[in-house]
Each structure stands twice: as structure tokens, then as C-alpha cells.
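> Based on what follows, work out the 3D shape:
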Amino acid sequence: METDDDAAATEFSTAGVADPASVPPSGSSFGRRFGVSLLLGLPGIGALVAYIYATTPPAAVPPGLSLPLLAVLSGVNPLLLLAVACLLGAYTAPRVGLRSAVIDRTAAGDGLRTRLRTEVGLAVAVGLLGSLLIVVLDAVMVPFVAQDLPQSAVGTPRPTVVGVLAYAPVRFLYGGITEELVLRFGLMSALAFTGWSVAGRRTGGPRPAVMWAAIVVSAVLFGVGHLPALAQSVSLTPALIARTVLLNAVAGVLFGWLYWRRSLEAAMVAHASFHVPLVVLSLVQVALL
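Residues are numbered from 1 along each chain as shown. Now for the predicted structure:
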């Protein structure tokens with residue numbers, strides 16, 4: 001009897017996708033893909049909760065709540081968002097040829113390490129160069145937002161070196177892994193699947209135009225998702241909104257391209273690497289204060 005994943009594997013050929021191995025084997029069930037992806041995102045949620053617990057002053061805790069409870073509650077919405085994204089990705093990603101060696105169980109042991117080694121160099125390079133590009137673009141846009149944002153939010157320093165280092169796990173675990181599961185594995189996969197379905201589910205998989213649309217839309221939403229946090233510290237203006245969405249969308253396009261042409265792991269490595277220059281810049285800025 002043909003399984004759900006066997007049917008998904010026959011829906012497209014290798015044209016327009018990164019690799020035939022992007023189709024998960026029949027042994028990689030929907031439930032397993034969901035469970036593995038959810039587990040991958042939990043450390044990022046834990047890092048976020050721990051950071052809020054460690055840095056929230058007692059005076060900022062609302063009446064009726066304890067600090068530990070506040071920290072735990074702060075992780076509820078990200079956890080729910082992660083779960084929904086993992087459900088979407090587990091169903092849609094293999095059907096449009098978007099792959100993850102870990103989630104799809106397409107390699108193990110030495111095979112997995114070999115596959116990741118072939119991608120990590122490109123992923124690190126894309127992440128580091130993308131970060132430097134964002135810093136340059138941010139500097140170019142400073143005159144347009146200087147009156148709204150006295151100091152660049154990209155790499156904004158924490159008050160102390162300890163603060164910068166305390167936030168680093170959030171950048172690398174939540175940003176590098178959890179956000180990629182939400183924005184790329186969940187949202188981008190779902191958008192690609194929707195576009196492919198609307199276009200008639202051609203046997204060669206989604207056309208490049210469909211994939212680029214999914215990449216760009218998910219990248220723009222990635223930028224929009226940074227606005228609520230920014231709004232907590234400054235008043236949002238049209239120029240500031242445009243700048244924040246643009247800078248983050250540029251990074252999102254790079255990560256989305258890697259997810260499409262390589263793997264989810266490559267996008268994760270690139271996103272984590274993207275934060276390395278920002279952490280260094282934050283430390284330099286703190287030292288100069």
C-alpha cells in the first residue's frame with residue numbers, strides 16, 4: 001500500500017529542487033518530522049525564557065506574577081508558534097522538495113556529518129557576509145532614521161559585556177534555529193506548497209518563480225516580526241518601519257535561498273553565523289562607552 005510519504009515523493013521529479021535526497025524516505029513519517037523539528041526548536045525557547053528570567057528586574061514583574069512564572073509565560077506564544085510551524089513544515093516541506101537531513105532522516109552518522117560539511121562553508125560565508133551587508137546598509141540608512149532611532153538597532157549593545165554575552169544564546173539558538181523552523185521550515189514551505197497548488201502542482205515541483213515568491217514573502221514577514229520588539233523601546237515611524245523590515249528581509253532572503261538550494265541546516269548555520277559579527281560589534285560598542 002502506498003504511504004502518505006510515498007505519494008509525496010512521486011508528486012515531483014528532481015527538476016527545480018536541490019537534490020533527489022530532498023524527498024524523505026517512507027520511514028520518515030509526518031509524526032516523526034513534526035516531533036524532530038519541534039525538539040530542535042525547544043532549546044531556542046528555553047534560551048529566551050532563561051534570558052527573560054535573568055534580566056527582568058523585579059520591579060518590572062506585573063502584580064500577581066512571580067518572576068519565574070513571567071519567564072515561563074513569555075515562552076508560551078513562541079512555543080505555540082513553533083508547534084504550528086512544525087506542523088506546516090512536516091506536511092508541506094517534503095512535497096515541494098525542501099529538505100532537512102535531520103528532520104527527514106535522509107542521512108545518519110558519518111553520512112549526516114559528510115552532508116553537513118559540504119554545506120557549512122557556504123552557509124557560514126553567506127551568514128557572515130550577509131551580516132556585514134546589513135551593517136553597511138544600516139549605516140547608509142542612519143540619516144533617514146536618526147531622529148527616530150538615536151542608535152542603530154542592529155547590534156544595539158546591552159548595558160554591559162555580561163548583558164551582551166547573556167543575550168548571545170538567544171541570538172544563536174532562538175534566532176539561528178527556532179526562527180528558521182518558524183520562518184523557513186513552516187512559513188516558507190507552506191507558501192511554496194500553496195503557490196505550487198495554485199499553479200497546478202506541476203510534476204517538476206514548484207517553478208523558481210513560486211519559490212522566489214515564497215522566499216521573499218517569508219523574508220518580509222521575518223522583518224515585520226521584528227517590529228513589536230522594536231516598538232517596546234521606540235515609537236515606530238514609517239521610515240523606521242521601512243528600515244527595520246528591509247534590513248531583516250535582506251537577511252531572510254539569503255536564508256531562504258539556502259533553504260531552497262541546500263537545506264534547512266544550511267539556513268540555520270547561516271542565521272547563527274549572521275549573529276557573530278553583531279555580537280562582536282555589540283562588545284566593541286560596550287567597550288567604547
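> Which strand or helix spans residue 98?
In this structure, residue 98 sits in neither a helix nor a strand according to DSSP states H and E.
> For it, which non-adjacent residue is closest in space?
For residue 98, ignoring the flanking residues on the chain, the nearest one in space by CB to CB, 6 or more residues apart in numbering is residue 189 at 5.3 Å. The way it works is simple: take the backbone N, C-alpha and C, and place the C-beta from them, glycine included.
> ok, the one you found touching residue 96?
Yes. In this structure, residue 189 is within contact of residue 96 by CB atoms under 8 Å, at 6.5 Å.
> Which one of these two is surrounded by more residues?
residue 96 (30 against 26; other CB atoms under 10 Å).
> Was I right to think that one contacts residue 204?
No. Using CB under 8 Å, residue 96 is not in contact with residue 204, being 11.1 Å away.
> ok, the nearest residue to residue 127 once chain neighbours are set aside - contacts?
Using CB to CB, 6+ apart and skipping residues adjacent in sequence, the residue nearest residue 127 is residue 273, 2.9 Å away. Shown in contact with residue 273 (CB atoms under 8 Å, 6 or more residues apart in numbering): 123-124, 126-128, 131.
> Output these in CSV; the columns should cover secondary structure.
Shown next, in CSV, are the contacts of residue 273 (DSSP: H, G, I helix; E, B strand; the rest coil):
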residue, secondary structure
123, helix
124, helix
126, helix
127, helix
128, helix
131, helix
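> Just the buried residues of stretch 28-46, please?
If you call a residue buried by 16 or more other CB atoms under 10 Å, then stretch 28-46 has these buried ones: 28-30, 32-34, 36-38, 40-41, 44-46.
> Name the helix or strand for the residue positioned nearest the centre of the chain, please.
Geometric centre of the chain, nearest residue: residue 180, 2.4 Å, by CA atoms, centre = their mean. Taking DSSP H and E as the criterion, the element that holds residue 180 is helix 179-180.
> Check residue 147 too.
For residue 147, there is no enclosing helix or strand under DSSP H and E.
> quick revisit: quick one: list the elements packing against the helix holding residue 180.
helix 264-288 (3 or more CB pairs under 8 Å, 6 or more residues apart in numbering; DSSP states H and E).
> One more pass at 10 Å, please.
helix 30-55, helix 76-92, helix 238-261, helix 264-288 (3 or more CB pairs under 10 Å, 6 or more residues apart in numbering; DSSP states H and E).
> who touches it?
With CB atoms under 10 Å, 6 or more residues apart in numbering as the contact definition, helix 179-180 has outside contacts at 40-41, 44, 78, 82, 85, 100, 171, 173, 186, 188, 222, 225, 252, 255-256, 258-259, 264-272.
> are any of the residues you listed buried, and which?
40-41, 44, 78, 82, 85, 100, 171, 173, 186, 188, 222, 225, 252, 255-256, 258-259, 264-272.
> Check whether residue 279 really touches residue 166, as I assumed.
No. Residue 279 lies out of contact with residue 166 (CB atoms under 10 Å); the separation is 11.2 Å.
> count of residues packed around residue 114?
Neighbour tally, residue 114, other CB under 10 Å: 11.
> same thing with residue 167?
That count, for residue 167 with other CB under 10 Å as the rule, works out to 20.
> The residue nearest to the centre of the chain and residue 186, how far apart?
9 Å (CB to CB, to the nearest Å).
> do the same with residue 33
Taking CB to CB, one finds residue 33 at 12 Å from residue 186.
> tell me, what's touching the two both at once?
86-87, 89-90, 93.
> farthest-separated two in those?
Every pair in the shared contacts of residue 33 and residue 186 was compared (CB to CB); the two farthest apart turn out to be 87 and 93, at 11.1 Å.
> what do these two both touch?
Counting by CB under 10 Å, 6+ apart, the residues touching both residue 87 and residue 93 are 33, 37, 186, 190.
> dump the residue contacts of the first one.
Same thing as residue 33. 5, 24, 86-87, 89-91, 93-94, 100, 102-105, 185.
> Highest neighbour count among the contacts of residue 273?
residue 127 (27 neighbours).
> Now for that one: which residues touch it?
Going by CB under 10 Å, 6+ apart, residue 127 touches 176, 251, 254-255, 258, 266-277.
> Residue 76 too?
Contacts of residue 76 (CB under 10 Å, 6+ apart): 45, 49.
> Give me the distance between it and residue 123.
31 Å.
> just residue 243 next, same as before
Computed as CB to CB, the residue 243 to residue 123 distance reads 26 Å.
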